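> Quick one, what's the 3D model for this:
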Amino acid sequence: MKILVVEDEGKTARFLKKGLSEAGFVVDVAADGLEGLHMAGEVDFDLMVLDVMLPRLNGWQVLGRLRSTGKKTLVLMLTARDAVHERVHGFELGADDYLVKPFAFSELLARVRSLLRRSVPRAQETIRLADLEIDLLRQRAKRAGHKLDLTSKEFLLLSLLARRAGEVLSRTLIAEAVWDMNFDSETNVVDVNVRRLRSKVDDPFSVKLIQTVRGAGYVLECES
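Numbering: from 1, shown residues only. Coordinates of the predicted model:
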C-alpha cells in the first residue's frame, strides 16, 4: 500500500518514511502543502499522513482542496496542538484520524493499520446519476454501460461535479479544486475543459448531464 507523508520538518519526515517503509508500506514524502496536494492528485495513495503546520498551504487547506476534488484518500492529521476545536475542524473537513505531536511511532503505525482495515468498504464506493456511473477508487466512469475514456484531469472535474451534483460550481472553485490555480477571468481553461468533458460524457447521449448556469458556473444534473 502507498502512503504519502506531508511534513516539512526533515527529521520527522525521514523518521516516518523509515518506520513506515520498514512496516511494509511504499512511502513518498512531500515537504510542503502545495507539493503534497499535487502528489495526492496525481497518485492514488491509500493514506496520507498530513501535518497541519506546513509552508505554502497548511494542512487544513490541503485537506479541504483534496476533498473538494472527490479524493477519498484516508487522511491522518498530525498537529502539535491538542485543542478540541482544531480536531473538530479537521474532522469536519474530512480527516479520518488525528494524532498529536509528540507521538510514539508504534501508536501512529497502529492508527495507520486500523484506518486501512476500516477502509475496505470504500473500494465499492461509486456515484450514480441517471446512466452515469463513477468508480471513485479506481477512477473509472461509464455512461449507459460504456466506458468513458477520460484523462486524469477530466476525471477529477467529473468527480467534483458528481460529488456536488445539483449544486452550481463557480469557475473559480473548479479552477482551484482541479488545477490548483486562482481563476483568472482572462483564462478559459475551465470552459475549454468542460467542453472536452461534455464531448465524452454528453455528446454521444440524448440526455445531457453537464449544465451551464449563465454567469454562475456549471452543475451536474439531469435536464428537466
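
> Just the endpoints, please. Distance across stretch 126-140?
End-to-end distance for stretch 126-140: 10 Å, by C-alpha to C-alpha, to the nearest Å.

> And stretch 165-175, by the same measure?
17 Å.

> which other residues reach it?
By C-beta atoms under 8 Å, 6 or more residues apart in numbering, the residues outside stretch 165-175 that reach it are 68, 127, 129, 157, 160-161, 181-183, 187, 189-191, 213, 216-221. Yep, even glycine has a C-beta here, placed from its N, CA and C like the rest.

> Tell me which residues of it come out buried.
169, 171, 173, 174, 175 (16 or more other C-beta atoms under 10 Å).

> Count the neighbours of residue 69 for me.
Residues lying near residue 69 (other C-beta atoms under 10 Å) number 20.

> how far away is it from residue 204?
According to C-beta to C-beta, to the nearest Å, residue 69 stands 25 Å off from residue 204.

> contacting residues around residue 64?
Contacts of residue 64 by C-beta under 8 Å, 6+ apart are 93, 94.

> again, 7 Å this time
Residues near residue 64 by C-beta atoms under 7 Å, 6 or more residues apart in numbering: residue 93.

> Pull out the buried residues from stretch 78-95.
For stretch 78-95, by 16+ other C-beta under 10 Å, it's 78, 79, 86, 87, 90, 93, 95.

> all strands of this protein, in order?
Assigned by DSSP state E, the strands in the chain fall at 2-6, 26-30, 47-51, 74-79, 97-100, 126-129, 132-135, 140-143, 146-147, 210-213, 217-220.

> quick revisit: helices - which of the buried residues of stretch 165-175 land there?
Mapping those onto helices (DSSP state H) picks out 171, 173, 174, 175.

> Could I get the buried residue list for stretch 16-35?
Buried-residue list, stretch 16-35, by 16+ other C-beta under 10 Å: 16-17, 19-20, 25, 27-35.

> and that stretch, how far apart are its ends?
Note: stretch 16-35 ends 17 Å apart using C-alpha to C-alpha.

> The one helix or strand in the chain whose mean pLDDT sits lowest vs strand 47-51, what angle?
None of the helices or strands of the chain scores lower by mean pLDDT, DSSP states H and E than helix 84-93, at a mean of 77. Calculated by axes from the mean of the first three to the mean of the last three C-alpha atoms, to 10 degrees, helix 84-93 forms an angle of 150 degrees with strand 47-51.

> which residues are in contact with helix 84-93?
By C-beta under 7 Å, 6+ apart, helix 84-93 touches 60, 63, 64, 67, 77, 79, 98.

> Distance from it to the middle of the chain?
Helix 84-93 sits 18 Å away from the centroid of its parent chain (C-alpha atoms, centre = their mean, to the nearest Å).

> With only the CA atoms kept, save that helix in PDB.
Provided in PDB are the C-alpha atoms of helix 84-93 (Å, rounded to 0.1, in the frame of the first residue of the first chain):
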ATOM      1  CA  VAL A  84     -10.600  20.400  20.700                       C
ATOM      2  CA  HIS A  85     -11.900  22.900  18.200                       C
ATOM      3  CA  GLU A  86      -8.900  22.100  15.900                       C
ATOM      4  CA  ARG A  87      -9.700  18.400  16.000                       C
ATOM      5  CA  VAL A  88     -13.300  19.100  15.300                       C
ATOM      6  CA  HIS A  89     -12.300  21.400  12.400                       C
ATOM      7  CA  GLY A  90     -10.200  18.600  10.900                       C
ATOM      8  CA  PHE A  91     -13.000  16.000  11.100                       C
ATOM      9  CA  GLU A  92     -15.400  18.500   9.600                       C
ATOM     10  CA  LEU A  93     -13.100  18.900   6.600                       C
END
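
> No further questions, thank you.
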